[in-house]
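Novice: I would like the atomic coordinates for the input below:
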Amino acid sequence: MGPGDHLYLIDGSGYIFRAYHALPPLTRKRDGMPVGAVSGFCNMLYKLLEDTKAGETVTHIAVIFDSARKTFRNDIYPDYKANRDEPPEDLKPQFGLIRDA
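Specialist: Numbers count the residues shown, from 1 in each chain. Purely as a prediction, here's the structure:
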């Protein structure tokens, strides 16, 4: 990166859950696959880029997702995310689609 470059780091997991809970359920007509979170995630990301101030054009984007596995954070603090519920069943198949998007 150099002068004038702008890097955006996106909390992908936060965007996924925000999109899922903010929008009504949406399914793909051909197979009934739930895609509401996918649509919301992509729309939120697009809006973020669209609303970028003049002169601050985004040159780099990184979307970071939480790991489903234990991480070093669990070693430091065993209760890290210990009380979180499992994601809703209709959200689980959307994770892969969102990562591919």
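
Novice: Do I have it right that Cys101 meets Ser39?
Specialist: One correction, residue 101 is Ala, not Cys. No. Counting by C-beta atoms under 8 Å, Ser39 is not a contact partner of Ala101; they are 9.6 Å apart. In short, each C-beta sits where N, CA and C put it, glycine included.

Novice: neighbour count winner among the two?
Specialist: Of the pair Ala101 and Ser39, Ser39 is the one with more neighbours under other C-beta atoms under 10 Å, namely 17 against 12.

Novice: quick one, what contacts the more buried one?
Specialist: The contact partners of Ser39, by C-beta atoms under 8 Å, 6 or more residues apart in numbering, come to 19, 23, 26.

Novice: Shouldn't it be within a helix?
Specialist: Yes. Membership of Ser39 in a helix is supported by DSSP: H, G, I helix; E, B strand; the rest coil.

Novice: Chain neighbours aside, what residue packs nearest to Leu23?
Specialist: Gly40 (4.6 Å; C-beta to C-beta, 6 or more residues apart in numbering).

Novice: isn't that neighbour right up against Pro25?
Specialist: No. Gly40 is beyond contact range of Pro25, at 10.9 Å (criterion: C-beta under 8 Å).

Novice: Looking at these two, which one has more neighbours?
Specialist: Neighbour count, other C-beta under 10 Å: between Gly40 and Pro25, Gly40 has more, with 22 against 10.

Novice: What ranges does the chain have for its strands?
Specialist: 7-11, 60-64 (DSSP state E).
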